[in-house]
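[1] The following comprises the amino acid sequence and a computationally predicted model.
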Amino acid sequence: MAKAQRRSFLSSGVAAAFPGSIGEPYQDGSGTPYLSLIGQPILIYGADAPALSRALERALTRGVTPAIYTEDMFKTTHDAANREAVRAVQRADLNLVGLAMRAERKVIDKIVDGLKFHS
């Protein structure tokens with residue numbers, strides 16, 4: 001799975017948890033309707049597994065519930081199998097490859113402190 005696909009899965013977790021983050025539907029000048037998008041900026045950082053684990057712990061400590069994507073989820077083919085892959089592993093042993101979260105900017109800044117923007 002490409003990194004862009006992983007990010008789309010993660011952003012769907014934010015959209016599902018925060019329906020107010022979704023903007024209005026789009027329409028072009030010809031009247032063709034298009035789907036709504038998340039109406040706020042999405043900041044993408046790059047991090048290795050230890051940094052992702054640190055960010056996860058920081059988020060949880062601050063009461064922020066993130067969306068996660070683990071290496072084991074690459075081996076599954078559907079949503080229920082994804083949940084089982086996560087449930088089979090203790091938090092400290094999750095092989096994280098991605099996180100997504102939504103909170104006030106000052107809270108997010110503390111969670112991602114030390115991470116660099118994805119290039």
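    Now that the structure is in, tell me what you want to look at. Numbers count the residues shown, from 1 in each chain.
[2] contacts, neighbours, all on C-alpha from now
    Noted.
[3] quick one, phi psi at the spatially most central residue of the chain?
    Nearest to the mean C-alpha position of the chain, counting by CA atoms, centre = their mean, stands Ala100 at 2.3 Å. Backbone geometry at Ala100, expressed as degrees, to the nearest 10, gives phi -140, psi 140.
[4] quick one: it and Ile68 touch, right?
    Yes: taking CA atoms under 8 Å as the definition, Ala100 is a contact partner of Ile68 at 6.6 Å.
[5] Between those two, which contacts overlap?
    Common neighbours of Ala100 and Ile68 (criterion: CA atoms under 8 Å, 6 or more residues apart in numbering): Leu10.
[6] check contacts around the residue nearest to the residue nearest to the centre of the chain when sequence neighbours are not counted.
    Distances taken as CA to CA, 6 or more residues apart in numbering place Ala67 nearest to Ala100, at 5.0 Å, with adjacent residues excluded. Contact analysis of Ala67 by CA under 8 Å, 6+ apart lists Leu10, Ser11, Gly13, Val14, Leu99, Ala100, Met101.
[7] and the fifth one, how many neighbours does it have?
    Around Leu99 there are 23 other residues, counting by other CA atoms under 10 Å.
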